[in-house]
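Novice: Can you look at this prediction? I've put the sequence above it.
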Amino acid sequence: MPPFSVEVLFSQARLDSWLAVGLLVAAGLYLYGVHKLRLRGDAWPASRTIAFLGPGLGTIAVVTLSGIGAYDTTLLSVHMVQHMALSMVAPIFLALGAPVTLALRTLRKRPRALLLGALHSRLARVLAFPLVSFGIFIANPFVLYFTGLYELTLRNGFVHELMHAHFIATGCLFFWPLLGRDPLPGRWPYPARALLMVLSVPFHTVLGLTIMQSQTLLAGDYYPSLGLRWVDPFADQVTAGGILWAGGELVSVTMLGILIAQWIKQSRLEAARIDRELDRLDPSAAGGLGPLHG
């Protein structure tokens, strides 16, 4: 492999994989659902469509089908960029696209009943419970990088692809109930959701610093065995740990900002609802209380 550069992001791109087909199918189904809503006169926010197709599916495409995907078994630092994108960036925007809500509004009666049954199943309630999804989300990278599992993903193509799907699934499992766009079980009040995001920051810091300071290479002798003269595996591992540390904090702070913005919006909507209720019950009393709510 030549040295990693901006040029290889395009020259090493691959569009003939099963993942490219899957992304196109997901985008097509989403757009078809939006089309069905518009045909019957229902509105669907354009911001949701943009979030799902752009930084949602688009992020997955960039880090798996471009040169980043070609080098994810060559450089640990490139793999770490991919890890962060698949587990923390793409799931947030997929959740903001509210695909489950779109499906419930467009599916026919029987498929809709099946989807509702899955959402209200005991397994869904357990997995979507914030403390459970938080534990899975936090424990995953420690299990992956400090066992022989990571080396297996580098040497076995099928397991490597499963790892990609696992990153996306665990990220969705953690972030979707927190964002609350879809009618999923396990949604906590906004203060508790924000606290959960704050608690996730130290774990990324510890993991990133541990990888940076480790005197043992992740995946054993795999990276030295590639014989790449243009990269030092130990220096690349330090870079990878820094990406994990800084990227985890950046995404966590951004996610915290999104939650706070949603919290403020909900509070305003609730205040407006109370005002309308007071207007309906007692216009004179509502008139006196209006400035307080404002």
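Specialist: The structure has been received and is ready for your questions. Computed from a predicted structure; not experimentally measured. Residues are numbered from 1 along each chain as shown.

Novice: per-residue confidence for the residue most central in space within the chain?
Specialist: For the chain, Pro91 is the residue whose C-alpha lies nearest the centre (CA atoms, centre = their mean; 1.9 Å). Per-residue pLDDT puts Pro91 at 94.

Novice: which strands and helices sit next to the helix or strand harbouring it?
Specialist: Under the criterion of DSSP states H and E, Pro91 resides in helix 90-96. Applying 3 or more CB pairs under 8 Å, 6 or more residues apart in numbering; DSSP states H and E, we find helix 90-96 packed against helix 46-51, helix 58-65, helix 157-179, helix 233-281. Heads up, the C-betas are built off the backbone N, CA and C, glycines and all.

Novice: Let me know the next secondary structure element after that helix.
Specialist: Per DSSP H and E, the first helix or strand lying C-terminal to helix 90-96 is helix 99-106.

Novice: what is the orientation angle of that following helix with helix 157-179?
Specialist: 80 degrees (axes from the mean of the first three to the mean of the last three CA atoms, to 10 degrees).

Novice: For the stretch 101-250 of the chain, give me the ranges with low pLDDT.
Specialist: Per-residue confidence for the stretch 101-250 of the chain (pLDDT under 70) gives these ranges: 186.

Novice: so who does Gly67 touch?
Specialist: Gly67 is in contact with Phe4, Val8, Leu9, Phe10, Ser11, Gln12, Ala13, counting by CB atoms under 8 Å, 6 or more residues apart in numbering.

Novice: I'd guessed Trp245 sits against Gln213; true?
Specialist: No: counting by CB atoms under 8 Å, Trp245 does not reach Gln213; the two are 11.0 Å apart.

Novice: So these two - more neighbours on which side?
Specialist: Legend: neighbour count by other CB atoms under 10 Å for Trp245 and Gln213, higher for Trp245 (20 against 10).

Novice: Roughly how far does the more buried one sit from Pro202?
Specialist: 11 Å (CB to CB, to the nearest Å).

Novice: One more: Arg48?
Specialist: Taken as CB to CB, the span from Arg48 to Pro202 is 32 Å.

Novice: Those two: which is more packed in?
Specialist: More crowded of Arg48 and Pro202, by other CB under 10 Å: Arg48, with 20 against 13.

Novice: what about the nearest residue to the more buried one once chain neighbours are set aside, neighbour count?
Specialist: Distances taken as CB to CB, 6 or more residues apart in numbering put Gly97 closest to Arg48, at 4.9 Å, once the chain neighbours are dropped. The burial count assigned to Gly97 is 24, neighbours taken as other CB under 10 Å.

Novice: wait, Gly97 sits on Pro45?
Specialist: No: shown here, Gly97 and Pro45 do not form a contact pair, counting by CB under 8 Å, at 9.6 Å.

Novice: what number of residues lie near Thr74?
Specialist: Neighbours of Thr74 (other CB under 10 Å): 17.

Novice: Mind checking what secondary structure it has?
Specialist: coil (DSSP: H, G, I helix; E, B strand; the rest coil).

Novice: Show the contacting residues for it.
Specialist: Met1, Phe4, Leu226, Leu228.

Novice: Could you do Ile92 as well?
Specialist: Gly171, Phe175, Leu179, Val251, Met255, Ile258.

Novice: Take those and write them to TSV, including neighbour count and distance to Met80.
Specialist: What follows is the contacts of Ile92, written out as TSV (neighbours: other CB atoms under 10 Å; distance: CB to CB, whole Å):
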residue	neighbour count	distance to Met80
Gly171	26	15
Phe175	25	19
Leu179	21	24
Val251	22	13
Met255	21	19
Ile258	17	23
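
Novice: that older thread, quick check: the gap between the residue nearest to Arg48 and Ala113.
Specialist: Counting by CB to CB - Gly97 and Ala113 are separated by 23 Å.
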